[in-house]
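>>> what follows is a predicted structure for the sequence shown.
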Amino acid sequence: MHFAYFSHIWMKPGMTPHQRYEQLWREVQLADTLEYDYTFCVEHHFRPDESWMSSPSLFCVGAGARTKRIRIGSMGYIVPLYHPLRLVEEIAIVDQMLGGRMELGLVPGINANYFTPFGVDYNFRRSPTQEFIEYMRAAYGEKQPFSFDGETHKTASAKISVQPVQKPHPQVWMQSRDPETLEFCAKNGINTGYFIAFPRKDAAPRYRKFLEDWKKAGWSHKPKIGYSLPVYVDESDQAALDRGLLRASRAYEGFLPEALPGESFESRVAKHSARFVARDEPGAAEIMANVFNPEYLLKNDLVIVGSAKTVAEKLRAISEEGVFNTFLGEFNFADMPEEDLLRSVRLFGEKVIPALRGFEPF
């Protein structure tokens with residue numbers, strides 16, 4: 001198995017953004033010393049009450065300047081919000097600054113509210129994201145200046161000043177549960193994965209199909225399939241439950257739509273869950289309706305809270321159930337005191353990772 005220190009970089013009451021970033025670097029530096037494989041951030045926009053990360057490249061460079069070995073990336077760049085030429089230039093420079101440690105997450109974006117202020121059509125986002133793979137290959141090719149004439153992306157002639165360290169480009173991820181996108185990822189050798197909202201029992205058949213398609217495509221190495229949940233590790237199960245469970249059940253308040261005047265918390269939860277009902281995803285709707293219910297989350301292993309032994313056992317079981325081999329643990333959530341946070345990160349690195357390092361879920 002592989003392990004990532006994943007962060008939405010949630011805002012923290014009482015902290016300035018600068019203070020929050022300084023805390024983030026302490027988290028990432030510790031993960032680097034403890035043999036975590038990756039650290040990933042998100043790209044979110046226009047919600048000062050939610051995530052304070054709208055620039056994945058700055059996260060990558062900031063983390064890279066403070067670490068030595070951990071691989072660093074975004075999960076992921078919202079491709080339709082970028083000019084493709086600007087994005088390929090930026091990716092190459094980041095990979096050079098990281099000395100070839102960059103992991104490249106690309107996503108079409110799931111929040112329509114990110115698109116309107118940029119003047120971008122939210123309904124036209126998947127095809128530009130997938131076409132960017134071919135655009136990137138052309139941009140990083142031996143023929144310079146390069147040209148590209150696609151359905152969405154067009155460049156008549158441009159010479160890339162800086163090429164990435166990794167050839168032909170950094171390893172790509174596309175987090176997706178969409179069957180057509182998973183077929184695209186398998187064909188193109190792209191890692192994938194999913195988050196808490198997609199039930200593992202529903203995910204398993206899709207990712208088994210992805211693995212079959214990957215093998216048929218002729219790739220000699222195994223893909224990475226990621227899965228992200230809140231995690232908290234302490235010296236004992238009881239200490240973990242006392243310090244971590246309620247906070248873990250508040251990890252994703254930033255998912256909710258901004259509150260309207262006089263609107264209740266329960267109404268916001270129902271509104272968020274209804275989005276998944278409208279998409280004909282009853283399993284995801286159930287999870288989102290209960291994502292702030294500690295007992296539901298614990299019973300269904302949608303938060304991983306416990307001693308190192310318990311956490312390792314739970315991760316082993318759910319990785320087989322959900323067909324993933326890379327765990328994207330979200331450690332810093334709600335009002336978690338930094339002392340508890342760093343102890344959790346350390347215990348996970350010192351005891352959970354070694355217990356599972358040689359385990360292969362598929």
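Thanks, I have the structure now. Residues are numbered from 1 along each chain as shown.
>>> please list the residues outside the helix or strand bottoming out on mean pLDDT in the chain that contact it.
Ranked by mean pLDDT, DSSP states H and E, the weakest helix or strand in the chain is helix 265-278, scoring a mean of 92. For helix 265-278, contacts defined as Cβ atoms under 8 Å, 6 or more residues apart in numbering pick out 197, 255-257, 259, 282, 284-286, 288-289, 291-292. C-beta coordinates here come from the backbone N, C-alpha and C atoms, glycine included.
>>> please state the offset of the helix or strand just after that helix from the chain centre?
Using DSSP states H and E, the helix or strand that directly follows helix 265-278 along the chain is helix 282-289. Offset of helix 282-289 from its chain centre (Cα atoms, centre = their mean, to the nearest Å): 20 Å.
>>> which other helices and strands does the next helix or strand after helix 282-289 contact?
As assigned by DSSP H and E, the chain's next helix or strand after helix 282-289 is helix 294-299. Applying 3 or more Cβ pairs under 8 Å, 6 or more residues apart in numbering; DSSP states H and E, one finds that helix 294-299 makes contact with helix 246-248.
>>> from the contact counts, what lies against the helix it packs on?
So helix 246-248, by 3+ Cβ pairs under 8 Å, 6+ apart, packs with strand 225-234, helix 294-299.
>>> tell me which stretches of the stretch 51-200 of the chain form helices.
56-65, 84-97, 126-139, 179-188, 200-216 (DSSP state H, counting those that start in this stretch).
>>> from the chain's centre, how far out does the last one sit?
How far helix 200-216 lies from its chain's middle: 19 Å, per Cα atoms, centre = their mean.
>>> so which bits of stretch 112-131 are buried?
114-115, 120, 122, 125-126, 128-131 (16 or more other Cβ atoms under 10 Å).
>>> could those go into CSV alongside distance to Ile190?
Formatted as CSV, these follow (distance: Cβ to Cβ, whole Å):
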residue, distance to Ile190
Tyr114, 22
Phe115, 23
Val120, 23
Tyr122, 23
Arg125, 17
Arg126, 14
Pro128, 16
Thr129, 11
Gln130, 10
Glu131, 13
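>>> out of the residues you listed, flag the one nearest to Leu246.
Tyr114 (29.9 Å; Cβ to Cβ).
>>> the contacts of helix 265-278: which two are farthest apart?
Among those, the pair separated by the greatest distance (Cβ to Cβ) is Ala259 and Pro282, at 25.8 Å.
>>> pretty sure Cys185 sits against Thr192.
Yes: the criterion here is Cβ atoms under 8 Å, and Cys185 meets it with Thr192 at 4.8 Å.
>>> good, we can wrap up now.
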